[in-house]
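1. Task: produce atomic coordinates for the following.
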Amino acid sequence: MKVKEPSALSHFRQRLSWDDLDKDAIRKLVRLAAEEDLYGKGLNNLPAKIGDQTTISMEVSGQGMATIVARESLVACGLPMLSLILEEFEVEDAAVENPKSDGDEVEIGETLAIISGAAVGLLAAERTLLNFIQRLSGVATASKAFVKVLSETKTDLLDTRKTTPGYRALEKYATATGGFFNHRYGLNDRILVKDNHLAANRATKGKRLAESVAKLKEKEPDLVIEVEVDCCEQVAPVLSAGVDAILLDNFSVEEVAEAVEEIKGRAVVEASGGIKLESARLYAEASPHFLSTGAPVHNSSWMDLGLDWTKS
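-> This is a model prediction of the structure:
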């Protein structure tokens with residue numbers, strides 16, 4: 001008999017798109033990056049001179065064109081930021097061509113983007129352009145690696161709130177670009193009861209645990225409620241309270257399989273805690289609905305990109 005999918009599953013299968021992001025918030029990040037490079041933002045004692053002193057001293061002028069080229073295989077991410085960055089650096093006559101799009105798998109030597117405009121502005125913006133694209137492409141590439149490992153299983157992937165402060169929207173967009181689904185964005189959009197909540201409420205097991213969770217369902221009927229459990233004994237009381245999802249924290253593969261069998265589709269099952277690329281397939285074969293991991297954000301490397309000058 002086919003196990004019925006839990007009703008809350010659709011709440012977890014959501015991905016941010018570029019259109020979902022607040023462009024004003026992104027511009028603020030770009031502005032900070034520009035001010036760091038041009039004005040020494042962040043230091044108590046600001047430098048005596050401002051601006052790109054190398055380009056100024058060399059009296060660079062005229063128009064320029066450059067290509068952003070992959071120096072290793074990667075998943076492109078952040079390309080829509082290019083025009084925002086050129087705008088923030090006030091590059092005159094700026095234009096961007098994108099042979100690639102976010103989510104494309106790019107091979108060594110392929111061109112991701114072609115930028116043109118006033119040469120002095122392009123040179124000033126170069127490092128900031130690369131920093132954002134290298135970072136976000138790194139997260140997307142690491143995410144895609146997890147997705148490929150799980151490609152022949154029924155288990156999907158969720159990201160986490162373990163993001164660089166100030167960069168949550170961009171990093172969650174990058175994990176989505178790589179194929180992850182996005183877990184809750186912040187503390188405000190879902191109830192996720194973790195071990196410290198239960199400990200603070202002295203409701204870590206048995207009847208008190210079940211009653212504590214059941215009260216949440218009464219208070220917030222419109223919010224998805226997920227409860228983290230750290231042992232198999234907590235599954236039954238949490239399940240009896242009618243939660244939408246159960247997070248299995250630091251369970252072994254065998255314990256995940258046992259919990260999945262006990263839950264039988266009555267709640268979304270998420271396995272989390274120390275899941276790495278090497279172990280992800282084993283956990284997926286235990287058949288939780290999701291594995292969640294912050295690894296694509298905090299363990300990823302910046303991708304190797306170059307900005308090659310092609311015209312002056």
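
2. which residues in this structure form strands?
-> All strands of the chain, identified by DSSP state E, fall at 63-70, 74-75, 95-97, 105-106, 111-118, 156-158, 191-193, 225-229, 245-249, 268-272, 290-292, 305-311.

3. can you list those strands in a markdown table and add distance to residue 134?
-> (Glycine included, C-beta is placed from N, CA and C.) Listed next are these as a markdown table, based on distance: least, C-beta to C-beta, whole Å:
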| stretch | distance to residue 134 |
| --- | --- |
| strand 63-70 | 10 |
| strand 74-75 | 9 |
| strand 95-97 | 17 |
| strand 105-106 | 12 |
| strand 111-118 | 11 |
| strand 156-158 | 22 |
| strand 191-193 | 32 |
| strand 225-229 | 34 |
| strand 245-249 | 32 |
| strand 268-272 | 28 |
| strand 290-292 | 25 |
| strand 305-311 | 5 |
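
4. Minimum distance to residue 28: which of those has it?
-> Closest to residue 28 of the strands of the chain, according to C-beta to C-beta: strand 95-97, at 20.4 Å.

5. Give me the buried positions along the closest one.
-> Neighbour counts using 16 or more other C-beta atoms under 10 Å place residue 96 of strand 95-97 among the buried residues.

6. so what strands line up beside that strand?
-> The pairing partners recorded for strand 95-97 under DSSP bridges are strand 111-118 (antiparallel).

7. What lies in contact with the strand it pairs with?
-> Applying C-beta atoms under 8 Å, 6 or more residues apart in numbering, the contact partners of strand 111-118 are 62-70, 76, 79, 82, 86, 91-100, 106, 122, 129, 133, 305, 310-311.

8. Which among these count as buried?
-> The neighbour count (16+ other C-beta under 10 Å) marks 64-70, 76, 79, 82, 86, 91, 94, 96, 98, 100, 106, 122, 129, 133, 305 as buried among the contacts of strand 111-118.

9. what residues are up against residue 154?
-> Going by C-beta under 8 Å, 6+ apart, the list of residues near residue 154 reads 284, 287.

10. does residue 248 have beta-bridge partners, and which?
-> Bridge pairing for residue 248 - DSSP bridges - gives residue 229, residue 271.

11. what residues are up against it?
-> The neighbourhood of residue 248, defined by C-beta under 8 Å, 6+ apart, consists of 229, 255-256, 259, 269-273, 288.

12. so where is this structure shaky, pLDDT-wise?
-> By pLDDT under 70, the low-scoring segments of the chain are 1-3, 203, 312.

13. in it, which spans are helices?
-> 9-12, 23-39, 53-57, 81-88, 119-149, 168-177, 195-200, 206-219, 235-240, 253-263, 277-284, 295-298 (DSSP state H).

14. and the fifth one with strand 111-118, angle?
-> Going back to what we said before, that points to helix 119-149. In terms of direction (axes from the mean of the first three to the mean of the last three C-alpha atoms, to 10 degrees), helix 119-149 departs from strand 111-118 by 160 degrees.

15. buried residues in helix 119-149?
-> Within helix 119-149, the residues that count as buried by 16+ other C-beta under 10 Å are 119-126, 128-147, 149.

16. The last one too?
-> Of the residues in helix 295-298, those buried by neighbour count under the rule 16+ other C-beta under 10 Å are 295-297.

17. same question, the first one
-> Judged by neighbour count using 16+ other C-beta under 10 Å, the buried positions of helix 9-12 are 9, 11-12.

18. Kindly report the same for the fourth one.
-> In terms of neighbour count (16+ other C-beta under 10 Å), helix 81-88 has its buried residues at 81-86, 88.
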